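S.K.: quick check, what structure comes out for this input:
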Amino acid sequence: MTTTDSERKAEELARGAIEARVAACAQISAPVTSVYRWQSAVETSQEWQVLFKTTAARYDALEAHILAAHDYDTPEIIATPVARGAAGYLAWVAEETR
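M.R.: Residues are numbered from 1 along each chain as shown. Have a look, this model is predicted:
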């Protein structure tokens with residue numbers, strides 16, 4: 001998962017990851033409000049959240065792709081393991097990220 005400051009940038013990150021086959025799917029959530037401390041100041045901004053679907057084996061490649069494509073100094077990159085999932089869906093994710 002990552003965030004960015006515009007819908008266009010979110011779509012570019014999502015499309016780039018799919019085209020590079022480091023993610024099988026990316027979902028973009030409507031603007032979320034983020035409150036955070038940056039350079040000693042508390043900031044509030046609207047961001048678009050992008051949730052990528054990939055395999056553990058492709059995580060490093062996805063992270064490298066996001067870091068190279070993202071324009072934030074320190075982009076949010078968080079992975080959440082999948083404890084369970086439909087076998088057919090997980091097989092599709094694996095196939096799309098080969």
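S.K.: all contacts plus neighbour counts: C-alpha atoms, from now on.
M.R.: OK.
S.K.: can you give me the pLDDT of the residue of the chain positioned farthest from its centre?
M.R.: In terms of distance from the mean C-alpha position of the chain, residue 40 ranks first, at 26.0 Å (Cα atoms, centre = their mean). Looking at residue 40, its pLDDT is 96.
S.K.: distance of it relative to residue 91?
M.R.: Distance of residue 40 to residue 91, given as Cα to Cα, to the nearest Å: 45 Å.
S.K.: also residue 39?
M.R.: For residue 39, the distance to residue 91 - Cα to Cα - is 43 Å.
S.K.: between the two, which one's more packed in?
M.R.: Set side by side, residue 39 and residue 91 show more neighbours around residue 91, with 12 against 7, by other Cα atoms under 10 Å.
S.K.: how is that one assigned, secondary-structure-wise?
M.R.: helix (DSSP: H, G, I helix; E, B strand; the rest coil).
S.K.: also residue 29?
M.R.: strand.
S.K.: and what of the one 4 residues further on?
M.R.: Reducing the assignment to helix, strand or coil with three-state DSSP, the entry for residue 33 is strand.
S.K.: burial check on it, number of neighbours?
M.R.: Burial measure for residue 33: 11 neighbouring residues, criterion other Cα under 10 Å.
S.K.: my read: it touches residue 49, true?
M.R.: No. Checked against Cα atoms under 8 Å, the pair residue 33 and residue 49 is beyond contact range at 10.0 Å.
S.K.: can you map out the strands along the protein?
M.R.: Listed in chain order, the strands of the chain (DSSP state E) span 2-4, 25-38, 41-53.
S.K.: show me what the shortest one is packed against.
M.R.: With contacts taken as 3 or more Cα pairs under 8 Å, 6 or more residues apart in numbering; DSSP states H and E, strand 2-4 sits against strand 41-53.
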